[in-house]
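Undergrad: Fold the following for me, if possible:
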Amino acid sequence: MASVIRAKWGTHVPFINTLSRKRNLYSLLAVLAANAGGEVGVRVVPTKWVNSGIENSYYTVTKARFTHGFRDGRIEAVRTWKGQTDDAARAIDSEAMRFSWRTYADPGEHAALKKKLGV
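TA: Okay, the predicted model is just below:
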């Protein structure tokens, strides 16, 4: 498969570089911010938690304010750690730039959808 891709697009495939790059939290939420308030309520997780096998742990974004063209700002979120949700929202600004982030997909919801569809 790699030889087919190399033959078609060359050695530096543009879409692979885009997909594999590190995304900080601001760049991840900037896509959703195009809709007014679309980033609020989104569940996000640091990629290192996923790679470490930590389950049922994520942040739910409660407030996001962007500056400098969505490259900086202030993000507040409620942390859910191993199924236990914190009482209050906390700022996750320091972690937003350091870590690579992705949206959280609950495995239970995926299993329920598969069962509902009969797959």
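Undergrad: if you average pLDDT over the strand or helix carrying Tyr26, what comes out?
TA: In this structure, Tyr26 is located in helix 25-32 according to DSSP states H and E. The pLDDT scores in helix 25-32 average 82.
Undergrad: List of residues touching the following helix or strand past it?
TA: Sequence-wise, the next helix or strand downstream of helix 25-32 (DSSP H and E) is strand 43-46. Under the criterion Cβ atoms under 8 Å, 6 or more residues apart in numbering, residues 25, 28-29, 57-61, 77, 95, 99-104, 106 lie in contact with strand 43-46. Every C-beta, even on glycine, is put in place using the N, C-alpha and C of the backbone.
Undergrad: and if you look at stretch 30-40?
TA: So stretch 30-40 is in contact with 29, 42, 61-64, 66, 70, going by Cβ under 8 Å, 6+ apart.
Undergrad: just stretch 68-80 next, same as before
TA: 25-27, 29-30, 33, 44, 56-67, 85-86, 88-93, 96.
Undergrad: Return the set of buried residues in the lengthiest helix in the chain.
TA: If you go by DSSP state H, the chain has its longest helix at helix 107-117. Buried positions in helix 107-117, judged by neighbour count with 16 or more other Cβ atoms under 10 Å: none.
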